[in-house]
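> Predicted structure and sequence below. I'll ask about it afterward.
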Amino acid sequence: MLQKLSRDGVDVKNEVVFECSKCSNRLLKWMGRCPHCGEWNSVVEKTEPASRVRFRQASGNESALKPLSEISYDTSPRISAGIGEFDVALGGGIVRRSVVLIGGDPGIGKTTLLMQALGSIAASGNMVIYVSGEESSEQIKLRADRLGINSDNFFILIENDLEAISETLEKTKAQVIVVDSVQSISSRSNDSHPGSVSQVRHVASALTDLVKRGTCACFLIGHVTKEGAIAGPKVLEHMVDTVMYFEGERGHPYRILRSVKNRFGSSNELGVFEMCDCGLVEVRNPSELFLSERAKNSSGSVVTAMVEGVRPILAEIQALVTGPTPGQGRRSCLGPDPQRLALIVAVLEKKLSLPLFDQDIFVNVVGGIKATEPSSDLAIASALISSVTDRVIGERTLVFGEIGLAGEIRRVSRVESRLNEAMKLGFNIIIGPKANLDSKTLSSGTRILPITNISEIMTLLFQESKPKAKMSRPGA
């Protein structure tokens, strides 16, 4: 065992441990393959104190038992980021003493968004600090000039040493701090290389402790893996207060900031932005934007109403059915859940006798929206029916509802907000679950068509007397 002196001058014994650098699983001995995550050559030998002192020091007598009625909290208002869509995604603004983790693909706009928010906060008279462990001050200045940011309250700190960063931040009275990125910061008390699982966990823990003892809010920018998850252990997402993902396609100008965890608001909020030469511009009416380029008189297209957090969004769902092909057809979707698509296809084959087994099926949600909510089931089914029959669904028809395995159409939540958004954009035919629409009365000129089973959908979509018993294959 190795010996070293602690801060109090007491001898502390060190012990050798073996830890997986991928999943942070601890082992009794070195192994070529981690039995927890299955990675090869990921187990490393580390030396650390045998009796580790708890890093977070509670302020005052925080650990004493207290009755709930005697506990007070900060009632000061949230800090506005000056970007409406950003505030919406955060649940109403930035909460003091909170830690927010933002992840996304390289070049998606994470740094641009946070610098614009810091610039707006600094312009309102609050001190902000941008800590960079990856770029030089000249590079940051070039980006700030492009975004039109120039404030005496905006400070830059180029540093990747955790102890130096903590010492600097403790001496300031900044309202908001951004650390870019958490994988580039390392601690002298940790022997692992920067970006490793143990290093990222230690840095995030130290910064969280610093924020909780002060009054500022902190944003951590995190790298993502090939699968799109935050690089590092999943425990990193449990340590912070809010986790957000910045999404968008490479050749697409629109970006979506999605909240997946939020201790101070809804965990399903999203903000929509458009990437321009001057930075990110917020999109205040996403529904109108996503429907602005919808093709007219085209089969395989239908509009549905989804709810993200508390915001209703109308989105176009497109489907293309081609074939037949040898063997089982291909299934591809961008936006919907592949498992739900398989369920919907199976129901259509069983209940409507649609010949989809050997057909290639492609489903897309326009604008990069993820249609993971079950309320989009009926719209996906309608788009598939429209494509396979080559019939056009009305341009002002809105379809929503969840489909069960028996073909029943189930109720969905927040139907009032969906209908209000549809009325605002001029939709005059509403098709949805009978359990939701039976008691609804809308303005004159708007037709409500409630259904209870998938077998009723073709009659309503194409005004047929009844659905055909057996569909003929396209081109047969």
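Sure thing, it's come through.

> Grab the nearest non-local neighbour of Pro324.
Asp358 (4.3 Å; Cβ to Cβ, 6 or more residues apart in numbering). All C-beta atoms are positioned from the backbone trio N, CA, C, and that covers glycine.

> In its sheet, which strands sit next to the longest strand along the chain, and in what direction?
Identified as the longest strand of the chain according to DSSP state E is strand 311-322. Paired neighbours of strand 311-322 in the sheet (DSSP bridges): strand 301-308 (antiparallel), strand 360-365 (antiparallel).

> Off-centre distance for the first one?
What separates the centre of strand 301-308 from the centre of its chain is 18 Å, taken as Cα atoms, centre = their mean, to the nearest Å.

> Just the pLDDT for the residue nearest to Pro324.
For Asp358, the model assigns a pLDDT of 91.

> What is the neighbour count of it?
Residues lying near Asp358 (other Cβ atoms under 10 Å) number 13.

> Report the secondary structure state of it.
Judged by DSSP: H, G, I helix; E, B strand; the rest coil, the three-state class of Asp358 is coil.

> Look up phi and psi at it.
Main-chain dihedrals, Asp358, degrees, to the nearest 10: phi -100, psi 20.

> in the chain, which spans are helices?
Applying DSSP state H to the chain gives helices spanning 84-89, 110-123, 137-147, 162-170, 197-212, 235-239, 286-290, 338-352, 377-389, 415-424, 434-437, 457-462.

> right, and those - which one's nearest Glu45?
helix 197-212 (12.3 Å; Cβ to Cβ).

> just checking, what packs against that closest one?
Contact analysis of helix 197-212 by 3 or more Cβ pairs under 8 Å, 6 or more residues apart in numbering; DSSP states H and E lists strand 11-20, strand 99-104, helix 162-170, strand 217-222, helix 235-239 as its packing neighbours.

> ok so, going back, and the average pLDDT for the longest strand of the chain is what?
Strand 311-322 carries an average pLDDT of 93.

> hang on, the earlier thing: any chance of a markdown table for the helices of the chain, columns mean pLDDT?
Converted to a markdown table, those look like this (pLDDT from 0 to 100):
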| stretch | mean pLDDT |
| --- | --- |
| helix 84-89 | 92 |
| helix 110-123 | 95 |
| helix 137-147 | 94 |
| helix 162-170 | 92 |
| helix 197-212 | 90 |
| helix 235-239 | 85 |
| helix 286-290 | 85 |
| helix 338-352 | 95 |
| helix 377-389 | 95 |
| helix 415-424 | 91 |
| helix 434-437 | 92 |
| helix 457-462 | 84 |
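
> circling back: with respect to burial, which of the helices and strands packed on helix 197-212 scores highest?
strand 217-222 (a mean of 26; mean count of other Cβ atoms under 10 Å).

> what's the angle from it to helix 162-170?
Interaxial angle, strand 217-222 versus helix 162-170 (axes from the mean of the first three to the mean of the last three Cα atoms, to 10 degrees): 150 degrees.

> what about strand 217-222, distance to the chain center?
With Cα atoms, centre = their mean, you get 15 Å for strand 217-222.

> May I see the buried residues of stretch 279-297?
Residues Gly279, Leu280, Glu282, Val283, Pro286, Ser287, Leu289, Phe290, Leu291 are the ones in stretch 279-297 that count as buried (16 or more other Cβ atoms under 10 Å).

> Name all residues that make contact with the first one.
It stands for Gly279. Gly279 makes contacts with Thr112, Gln116, Arg146, Leu147, as judged by Cβ atoms under 8 Å, 6 or more residues apart in numbering.

> Check the fourth one too.
Counting by Cβ under 8 Å, 6+ apart, Val283 touches Glu85, Tyr254, Val272, Phe273, Glu274, Leu289.
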